[in-house]
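Engineer: Got a sequence here, can you model it:
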Amino acid sequence: HLATSLPLPSERDHLRPRIDLVVFMIDIKSKYSLKNVETSLAHVDASFFLGKVCFLVTGVGRVNACNIETNAVCKLGETYCSPVLFCELELEGVRTATAQRLVRMLGICAGQIPGVSALSFVSLMRKSDDD
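Structural biologist: Numbering: from 1, shown residues only. Next comes the predicted model:
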């Protein structure tokens, strides 16, 4: 399910499936995109930040067209203890690899991968302090 911003409308709450993973998409070419994500973050339950949120940054193949500093997005990931994935959706191979990665993350967050929890997965993705 896709939403352009949060909070989700409440009139269809009873029809909404369980949410296992929240992916915030940020278009590196649009400052509005980052502001929208920052505003939406306030509407996410704190328990989701224990491995069930990630940031997907698109448009990274066009460095000269960037309106957002990648450091700002990385800081967002650090602040919310959530992984940040960078991709270029216009490249088929990268798009496919990113989709496969998200599906794998979703499987972990939904509890479908034995022996791996969302919290343990996100701790593996975090950058160590020694890096």
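Engineer: Would you verify that Phe121 is located in a helix?
Structural biologist: Yes. Secondary structure of Phe121, determined by DSSP: H, G, I helix; E, B strand; the rest coil: located in a helix.
Engineer: Quick check: closest non-adjacent residue to it.
Structural biologist: Excluding its sequence neighbours, the residue lying closest to Phe121 (CB to CB, 6 or more residues apart in numbering) is Ile108, at 4.8 Å. In this view, the C-beta of every residue, glycine as well, is placed from N, C-alpha and C.
Engineer: State the distance from Arg16 to Ile113.
Structural biologist: 24 Å (CB to CB, to the nearest Å).
Engineer: Confirm for me that the residue nearest to Phe121 is in contact with Val116.
Structural biologist: Yes. The pair Ile108 and Val116 passes the contact test of CB atoms under 8 Å, sitting 5.3 Å apart.
Engineer: Give me the more crowded residue out of those two.
Structural biologist: More neighbours sit around Ile108 than around the other of Ile108 and Val116, counting by other CB atoms under 10 Å; the figures are 21 against 16.
Engineer: Next, the contact list for the more buried one, please.
Structural biologist: Counting by CB atoms under 8 Å, 6 or more residues apart in numbering, Ile108 touches 51, 116-118, 121.
Engineer: Repeat the analysis, applying 10 Å as the threshold.
Structural biologist: For Ile108, the residues meeting the contact criterion (CB atoms under 10 Å, 6 or more residues apart in numbering) are 20-21, 51-52, 116-122.
Engineer: Quick check: it vs Pro114, distance?
Structural biologist: Noted for Ile108: a distance of 10 Å to Pro114, by CB to CB.
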